[in-house]
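Enquirer: Quick one: sequence plus predicted model below, questions after.
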Amino acid sequence: MKPFIRNLVSETSISCNDLIWPVFLVEGENQNQKIKSMPFVYRYSIDKLINELEILVKYGLQAIALFPQIEKDLKDEKGTNSFDQNNLVCRAIKKIKSSYPDLGIIADVALDPYTIHGHDGIIKNNKIMNDETIAVLKKQALVYSEAGCDILAPSDMMDGRVGAIREQLEQNGMQDTIIMSYAAKYASSFYTPFRDAIKAQKLDELKDKKTYQMNTANSDEAMHEIALDIQEGADMVIIKPGMPYLDIIYRAKEQFKIPTFAYQVSGEYSMILSAASEERSLEIILESIFSFKRAGADGVLSYYTPFLLKNL
Ligand code: PBG
């Protein structure tokens, strides 16, 4: 087939408007720290990230999602630092907004970067405390929103958290903040490199997150979770991980017709990287992103975003 025909009849496309860059933050100055489990991905100090963003914004970067690596002595049982107005995420949001007012900022609402044990919520007697956790998440959501974040992305998977956060925003004059909920988040081993990136507890020590994240075997349950989150006020939804759950993305988009995003998570990033011979790396990455677009995703959170923006 001649290239022009191929281009004219292509059913999907990929542009900078489809991509969200998940970024790791670290304290300090002039830091871009390597992450062992994720080659070419770094933890940036705020100043370094501001420099890095300049070229990416020029290339059309639309939004970033922030993930902090919190200093060990700031972590505790209850994730207290998560709602400190001056924590790493709040300072990053303010600085990024003042430097790049048009860049969208997404902040994860969950306690795992802030808790000693690395769980997304508060633990008592080896059990996750749903309602106590929500009380903390509401405070976290508010400080992020007040710092200027555009989109809150609850990734904690407590029951009822979207409604609670929505109400919290309304009551505090923050009704314009968008909620992009991790509506279908599976208890996945593909998150393993991420936990290294934010220096969370290792999975063997953590046991697992199966009491609050979804069972890999299920599909109808995902539809149920998404319906609940929409009912509670989610404006957009994320399916996570991405590639092993393309069927869920497809079903979600068919059923709900709501803005739907795929999260190509850390393990997918590392897996694709190891499969790519260097000269073919762009092709294999694009192939993975096309799978999300075909399945119906409106956009993708991908650690490959900087590479894609520079090469598209
Ligand atoms: C937890 C959270 C996780 C990721 C994003 N938010 C990990 C987890 O649930 O353990 C994983 C992202 C990735 O693997 O790239 N709030």
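Expert: Received it, and whenever you're ready, just let me know what you need.

Enquirer: Quick one: name the residues of the stretch 201-312 of the chain near the ligand.
Expert: Lys209, Val265, Ser266 (C-beta under 6 Å from any ligand atom). C-betas here are computed from N, CA, C, even on glycine.

Enquirer: what bits of the stretch 101-250 of the chain have low per-residue confidence?
Expert: Across the stretch 101-250 of the chain, the stretches falling below the confidence threshold (pLDDT under 70) are 202-206.

Enquirer: in it, which spans are strands?
Expert: Read by DSSP state E, counting those that start in this stretch, the stretch 101-250 of the chain holds these strands, from start to end of the chain: 104-109, 123-124, 127-128, 151-154, 178-185, 236-240.

Enquirer: which other helices and strands contact the fourth one?
Expert: Just to be clear, that refers to strand 151-154. When contacts are defined as 3 or more C-beta pairs under 8 Å, 6 or more residues apart in numbering; DSSP states H and E, strand 151-154 packs onto strand 104-109, helix 130-147, helix 161-171, strand 178-185.

Enquirer: so where do the helices sit in the stretch 151-300 of the chain?
Expert: Read by DSSP state H, counting those that start in this stretch, the stretch 151-300 of the chain holds these helices, from start to end of the chain: 161-171, 192-197, 203-206, 220-232, 246-256, 266-275, 281-295.

Enquirer: The last one versus strand 236-240: what angle between them?
Expert: Put simply, helix 281-295 runs at 120 degrees to strand 236-240, going by axes from the mean of the first three to the mean of the last three C-alpha atoms, to 10 degrees.

Enquirer: what does helix 281-295 contact?
Expert: If you take C-beta atoms under 8 Å, 6 or more residues apart in numbering as the criterion, helix 281-295 is touched by 11-14, 18-19, 242-243, 246-247, 249-250, 253, 262, 264, 268, 272-273, 275-276, 300, 302, 304, 307-308, 311.

Enquirer: Okay, buried residues for that helix please.
Expert: Ser281, Leu282, Ile285, Ser288, Ile289, Ser291, Phe292, Lys293, Ala295 (16 or more other C-beta atoms under 10 Å).

Enquirer: now the residues you listed in TSV, with pLDDT?
Expert: Conversion of those to TSV gives the following (pLDDT from 0 to 100):
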residue	pLDDT
Ser281	91
Leu282	94
Ile285	97
Ser288	98
Ile289	98
Ser291	98
Phe292	98
Lys293	98
Ala295	98
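
Enquirer: Can you name the residue of the stretch 1-150 of the chain nearest the ligand?
Expert: Residue nearest to the ligand within the stretch 1-150 of the chain: Ala110 (3.4 Å; C-beta to the nearest ligand atom).

Enquirer: Run through the residues that contact the closest residue to that residue other than its chain neighbours.
Expert: Spatial nearest neighbour of Ala110, excluding adjacent residues (C-beta to C-beta, 6 or more residues apart in numbering): Asp156 at 3.9 Å. Residues touching Asp156, when contacts are defined by C-beta under 8 Å, 6+ apart, comprise Val109, Ala110, Leu111, Asp112, Asp120, Gly121, Thr133, Leu137, Tyr212.

Enquirer: how about the nearest residue to Leu309, chain neighbours excluded?
Expert: Counting by C-beta to C-beta, 6+ apart, the nearest residue to Leu309 once its immediate chain neighbours are dropped is Tyr59, at 4.1 Å.

Enquirer: Please apply the same query to Tyr100.
Expert: Val57 (5.3 Å).

Enquirer: The one you found in helix, strand or coil?
Expert: helix (DSSP: H, G, I helix; E, B strand; the rest coil).

Enquirer: Quick one: neighbours of it, just the number.
Expert: When neighbours are counted by other C-beta atoms under 10 Å, Val57 registers 16.

Enquirer: ok, now the one 3 residues further on?
Expert: The burial count assigned to Gly60 is 12, neighbours taken as other C-beta under 10 Å.

Enquirer: what do you get for Tyr303?
Expert: Using other C-beta under 10 Å as the criterion, the residues surrounding Tyr303 number 25.
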